[in-house]
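In: let me see the structure of the following:
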Amino acid sequence: MPLTIKVQGQDVTVVEEFVYLGSLIHSLTGSTCDISRRSAITHAAMQSLENQIWRPRLAISTKLKLYNTCILPIFLYGSDCWAMSKTDARKIDALDQWCLRMLLGIRWYQFVQNDDVRRLTKQPKLTPIIQSRRLTLFGHIMRMDNNADVMRILLSSHPADWRRQLGRPRITWLSTIQQDLKHHHLMLPEAADLAQNRPLWRMMSTYGATLS
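Out: Take a look at the predicted model:
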């Protein structure tokens, strides 16, 4: 029998993973499993439209509008909450390239460079888009009241007797944010103060923008 815990008098089964509001929550605390799940759904959606949309001789601009409207939201759903590793980022960029090559009708045996695919589609990479969405969420959280549950959870400190388990530290959403902030030469306290200025933070978190 699986383990259960009591929550407000109700028995709740302890599981390794479950889907909540469309996102896969896993006991490993990272987002690799949810990214893989979203990738599989996106892959299936692209293939389902191959004969109807991608193969017909539609204009590339029309295909891109359909791709950005119907396909990208499938993959990007919940991406602002992802705690991503470098391996996750490489897999996301690989999926991005696969989708664009299918959209352009490029086959695996055709030697077309990734830069040429970007030039033809003028599509930004997915990883910077996800980073922008993540920073936007961070700014929204930092402008909340200090007593809000999400603020208390995010900025809480470990108990005095806490010791980290042996091995590589687990990737968390906050550690991913800290990596994002390095691209803007910011530390977490500085970013928290900067986020109070909504227009400036919006400009900073926009894809492709940086602060001097």
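In: count of neighbours near Leu103?
Out: Look at Leu103: counted by other CB atoms under 10 Å, it has 24 neighbours. For the C-beta atoms, the positions are set from N, CA and C on the backbone; glycine is no exception.
In: am I right that it is in a strand?
Out: No. Assigned with DSSP: H, G, I helix; E, B strand; the rest coil, Leu103 falls outside any strand and is helix.
In: pull the contacting residues for it.
Out: With CB atoms under 8 Å, 6 or more residues apart in numbering as the criterion, the residues that contact Leu103 are 54, 60, 63-64, 67, 121.
In: and what of Ala89?
Out: Contacts were defined as CB under 8 Å, 6+ apart; by that measure Ala89 touches Thr127.
In: the one 4 residues further on too?
Out: For Asp93, the contacting residues are 125-127, taking CB under 8 Å, 6+ apart as the criterion.
In: let's see it at 6 Å
Out: Remark: with contacts taken as CB atoms under 6 Å, 6 or more residues apart in numbering, Asp93 is in contact with 125, 127.
In: helix or strand for it, which one?
Out: Taking DSSP states H and E as the criterion, Asp93 maps to helix 86-104.
In: hang on, the earlier thing: now, which of the contacts of Leu103 lie within strands?
Out: For the contacts of Leu103, membership in strands holds for none, with DSSP state E as the criterion.
In: weed out the non-buried ones from those.
Out: 54, 63-64, 67, 121 (16 or more other CB atoms under 10 Å).
In: of all those residues, the one with the weakest confidence?
Out: Model confidence across those bottoms out at Trp54, which has 87.
In: thinking that one is in contact with Arg101, fair?
Out: No. With the criterion set as CB atoms under 6 Å, Trp54 and Arg101 do not qualify as a contacting pair; they are 9.9 Å apart.
In: so which residue is smack in the middle of the chain?
Out: Centre of the chain computed as the mean C-alpha position; nearest residue by CA atoms, centre = their mean is Ser79, 3.0 Å away.
In: sorry, back to before: could you list the buried residues of the helix holding Asp93?
Out: Buried residues in helix 86-104, counted by 16+ other CB under 10 Å: 88-89, 91-92, 95-104.
In: residues of stretch 113-127 that come out buried?
Out: Judged by neighbour count (16+ other CB under 10 Å), stretch 113-127 contains these buried residues: 117, 121, 123, 125-127.
In: and the contacts of that stretch?
Out: With CB under 6 Å, 6+ apart as the contact definition, stretch 113-127 has outside contacts at 89, 92-93, 96-97, 100, 207.
In: can you tell me which of those is nearest Met46?
Out: Checking the contacts of stretch 113-127 against Met46 with CB to CB, the nearest one is Leu100 at 10.0 Å.
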